[in-house]
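# sequence-free structure coming up:
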């Protein structure tokens, strides 16, 4: 049985053209960008060119990019680095209840050392209120962090509206754009963000490389030590093969965001339509019109997520959920809990389907056939 990979929101298969570009670089270039000899200067030239090309895709200046090991490090550097740098002006941070763990755990750490964090709720579509965020602002608020697109349900947050409302406040504004990059047009100046995180492996690039955009005048405290790379904010020899692969993947998606979005919209609509025809009881989490076309989060009534994931895996459908596995038990998704409340049935019966460039209509039809079989069988067992 051929497997169908529908977990692209977790990671994407690396594109063959990215592999080829990285392989060529690995075979011919090995210099350290910090070395002054010709091999080092050649590597520095490649690094600078990659930085310029990637910066262009988000409307930034290349001097404003800090390469990291991925989205998690970028988020940590943004949250903790900003808080430690700005703490003389205040210790209040605002975020939402549905952020990625890279944000929430960083905030928990800051709380443990004396910072205060406001975790804003979301509505049943998984969207934060701009007015509620503005109301939560205080004179000592130093940072606001709201993700651009939620990684579990795909809800699209009003980042530009928030950015515009924050112009009159001196706090820094960060957004985790990991799920948005490559599927949504991003211009850091139009969005009015000061800090933005992205990673390569969500756009068919390599794992282990991401970046933090930091507006030039924004100051953050470095979290690592040992070198002057990345303008002293992220020392260590740069991951040149990863950066070269990141650049290739970024260039491949740049300017094609609308085309990719339209294609995934078609796949998403087809899957919902076919599930309707299959006459199984399901609910889409998050309004379809207010979520990214990349992600489809569905609760299947009468099932449990651990059963679903295991049986779908056996059926060759590779998906995931936002639930966390702790000591062998499944804890409800914090995102769905924020949307629907504690112990709501949707929080423990939801799986996330997420699409990629290698998925076509035939794959969606076969997926629905397998999902229907699994759900009907599990529902019978659970009756």
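The structure has been received and is ready for your questions. Worth saying up front: this structure is predicted, and the values here are computed from it rather than measured.

# Are we agreed that residue 212 is in a strand?
Yes - secondary structure of residue 212 (DSSP: H, G, I helix; E, B strand; the rest coil): part of a strand.

# Is the closest residue to it other than its chain neighbours within a helix or a strand, and which one?
Nearest residue to residue 212, sequence neighbours excluded (C-beta to C-beta, 6 or more residues apart in numbering): residue 74, at 4.0 Å. C-betas here are computed from N, CA, C, even on glycine. Following DSSP states H and E, one finds residue 74 within helix 71-86.

# next SSE after that helix?
For helix 71-86, the succeeding helix or strand toward the C-terminus, using DSSP H and E, is strand 92-96.

# and that next one, what does it pack onto?
The contact analysis (3 or more C-beta pairs under 8 Å, 6 or more residues apart in numbering; DSSP states H and E) places strand 92-96 against helix 101-112, strand 116-120, strand 141-145.

# Quick one: mean pLDDT for the first one?
Averaged over helix 101-112, pLDDT sits at 98.

# again with the last one
The predicted model assigns strand 141-145 a mean pLDDT of 98.

# residues of that strand that come out buried?
Across strand 141-145, burial judged by 16 or more other C-beta atoms under 10 Å covers 141, 142, 143, 144, 145.

# Also the first one?
With burial defined by 16+ other C-beta under 10 Å, the residues of helix 101-112 counted as buried are 102, 103, 104, 106, 107, 110.

# who does that helix touch, helix- and strand-wise?
helix 71-86, strand 92-96, strand 116-120.

# Residues contacting the first one, please?
Okay, so that is helix 71-86. By C-beta atoms under 8 Å, 6 or more residues apart in numbering, the residues outside helix 71-86 that reach it are 66, 68, 91, 93, 100, 102-103, 106-107, 109-110, 115, 142-143, 145, 172, 174, 176, 178, 195, 197-199, 202, 210-212, 214, 218-223, 233-234.

# Just the angle for it relative to strand 210-214, thanks.
30 degrees (axes from the mean of the first three to the mean of the last three C-alpha atoms, to 10 degrees).

# nearest to residue 335, of the helices and strands packed on helix 101-112?
Ranking the helices and strands packed on helix 101-112 by their distance to residue 335 (criterion: C-beta to C-beta) puts strand 92-96 first, at 9.7 Å.

# Low-confidence stretches in this protein?
Across the chain, the ranges flagged by pLDDT under 70 are 1, 323-330, 383.

# Tell me where this structure has strands.
In the chain, the strands defined using DSSP state E lie at 4-5, 65-68, 92-96, 116-120, 141-145, 172-176, 195-199, 210-214, 282-284, 295-300, 317-318, 324-326, 329-331, 350-354.

# in the protein, which residue is closest to the centre?
For the chain, the residue nearest the mean C-alpha position is residue 178 (2.9 Å; C-alpha atoms, centre = their mean).

# so that one makes contact with residue 196?
No - proximity of residue 178 to residue 196 does not meet the contact threshold set by C-beta atoms under 8 Å, at 9.7 Å.

# mind listing what residue 250 touches?
Neighbouring residues of residue 250 by C-beta under 8 Å, 6+ apart: 53, 54, 57, 182, 200, 203, 205.

# Deepest-packed of the strands of the chain, please.
When you average the neighbours per residue for each of these (mean count of other C-beta atoms under 10 Å), strand 195-199 leads with a mean of 29.

# and the angle for it with helix 71-86?
Going by the same axes, to 10 degrees, strand 195-199 makes 160 degrees with helix 71-86.

# and strand 195-199, what does it pack onto?
Short answer (3+ C-beta pairs under 8 Å, 6+ apart): strand 195-199 packs on helix 71-86, strand 172-176, strand 210-214.

# what do you get if the cut-off is 10 Å, keeping everything else the same?
Under the contact criterion of 3 or more C-beta pairs under 10 Å, 6 or more residues apart in numbering; DSSP states H and E, strand 195-199 touches strand 65-68, helix 71-86, strand 141-145, strand 172-176, strand 210-214, helix 240-253.
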